[in-house]
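Q: how would this look folded up:
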Amino acid sequence: TEVGNTKDKPGKIIVYYFHGNVRCASCMKIENFTKLALEDNFDKELRNGDIEWKIVNVDEPENKNFVKDYRLVTKSVVLSEVKDGKEISWRNLNKVWELLGDEEIFKKYISDEIRSFPGENK
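A: Numbers count the residues shown, from 1 in each chain. Have a look, this model is predicted:
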């Protein structure tokens, strides 16, 4: 086996939660449920760096690019595949708002989307 060969190594997944300065109860719930889904189902991947969890305030000037890059219209959870330091695909998990009323279904949605990712941009 070749140690250190990164050619066949898959990219890592960054799970972003994008919010603004104003944080409503629903926004906090989306952040919390997403974090719980990650901790419950991807603890090993979080610890070894295959998955990263990042919370980003898009109202901060240095984060404005995310709004355009991911076509954000509200608080959102976005998956980003990064390989060799470059993003190669992303997916906006736009059902987070409609599934917010049921924690288990919400967490299953997040987990299923991560498992089926990477894929085409959505």
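
Q: Show me where the protein has its helices.
A: For the chain, helices defined by DSSP state H occupy the ranges 25-41, 43-48, 65-69, 103-116.

Q: could you dump those to CSV with mean neighbour count?
A: (Each C-beta comes from the backbone N, C-alpha and C, glycine too.) Shown next, in CSV, are these (neighbours: other Cβ atoms under 10 Å):
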stretch, mean neighbour count
helix 25-41, 17
helix 43-48, 11
helix 65-69, 13
helix 103-116, 17
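
Q: Output the below-cut-off pLDDT ranges for this structure.
A: 1-10, 119-122 (pLDDT under 70).

Q: Give me the spatial nearest neighbour of the residue positioned nearest the centre of the chain, chain neighbours excluded.
A: Residue closest to the average C-alpha location in the chain (Cα atoms, centre = their mean): residue 15, at 2.0 Å. Spatial nearest neighbour of residue 15, chain neighbours left out: residue 53 (5.3 Å); criterion: Cβ to Cβ, 6 or more residues apart in numbering.
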